[in-house]
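Asks: What follows is a predicted protein model with its sequence.
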Amino acid sequence: QVQLVESGGGLVQAGGSLRLSCVPSGGTFASYALGWFRQVPGKERAIIGAVSRRGDSTIYEDSVKGRFTISRDNVKNDAVYLQMNSLKPEDTAVYYCGAGRAGPWYIPPPGYEYEYWGQGTQVTVSS
């Protein structure tokens, strides 16, 4: 079992950038594909994107394509990152990372049942 810990959230003006990090606690990400999600009050948690175990394949939800980038460090830091650029007020949400056991090249599709979740980090974008 692995625990996930997100960090890097905060308050930023529209057009700004933030970089979120997610690291494992009590385990390693080595066996897991990883995904980023966000949730606003009153709505279900929604997929932003995902990255394969190898880190060389990613998918993104349409509204973040070209603005958000998911990457992972499998060597030095054992972490997954969400670089968010050109932020908009509608990006305000609690952001979560998720982990699911997968083969090296597998990218979890939308609807995939992740096994483990972090506690979330708040991102607020002011207009």
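Replies: Done, it's in.

Asks: Just the pLDDT at Gln1, thanks.
Replies: With respect to pLDDT, Gln1 scores 83.

Asks: do the same with Lys65
Replies: On the pLDDT scale, Lys65 gets 97.

Asks: what's the burial count for it?
Replies: For Lys65, the tally of surrounding residues (other Cβ atoms under 10 Å) stands at 11. C-beta coordinates here come from the backbone N, C-alpha and C atoms, glycine included.

Asks: How about Val80?
Replies: What Val80 shows, counting by other Cβ under 10 Å, is a neighbour count of 29.

Asks: same question, Ser57
Replies: Neighbours around Ser57, by other Cβ under 10 Å: 14.

Asks: Might one say that it is in contact with Val51?
Replies: Yes - taking contacts as Cβ atoms under 8 Å, Ser57 lies within contact range of Val51: 7.0 Å.

Asks: Need the overlap of contacts for those two.
Replies: Shared contacts of Ser57 and Val51 (Cβ atoms under 8 Å, 6 or more residues apart in numbering): Ile107.

Asks: For the closest residue in space to Pro24 that isn't next to it in sequence, give me phi and psi.
Replies: Spatial nearest neighbour of Pro24, chain neighbours left out: Val2 (4.8 Å); criterion: Cβ to Cβ, 6 or more residues apart in numbering. Per-residue torsions, Val2: phi -130, psi 140 (degrees, to the nearest 10).

Asks: so who does Val2 touch?
Replies: Going by Cβ under 8 Å, 6+ apart, Val2 touches Pro24, Ser25, Gly26, Gly27, Thr28, Phe29, Tyr32, Ala99, Tyr116.

Asks: Now that we have these, can you turn them into JSON lines and tack on distance to Tyr81, secondary structure and pLDDT?
Replies: Listed next are those as JSON lines, based on distance: Cβ to Cβ, whole Å; DSSP: H, G, I helix; E, B strand; the rest coil; pLDDT from 0 to 100:
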{"residue": "Pro24", "distance to Tyr81": "13", "secondary structure": "strand", "pLDDT": "95"}
{"residue": "Ser25", "distance to Tyr81": "17", "secondary structure": "strand", "pLDDT": "92"}
{"residue": "Gly26", "distance to Tyr81": "20", "secondary structure": "coil", "pLDDT": "86"}
{"residue": "Gly27", "distance to Tyr81": "18", "secondary structure": "coil", "pLDDT": "90"}
{"residue": "Thr28", "distance to Tyr81": "16", "secondary structure": "coil", "pLDDT": "93"}
{"residue": "Phe29", "distance to Tyr81": "12", "secondary structure": "coil", "pLDDT": "94"}
{"residue": "Tyr32", "distance to Tyr81": "15", "secondary structure": "strand", "pLDDT": "96"}
{"residue": "Ala99", "distance to Tyr81": "14", "secondary structure": "strand", "pLDDT": "97"}
{"residue": "Tyr116", "distance to Tyr81": "17", "secondary structure": "strand", "pLDDT": "95"}
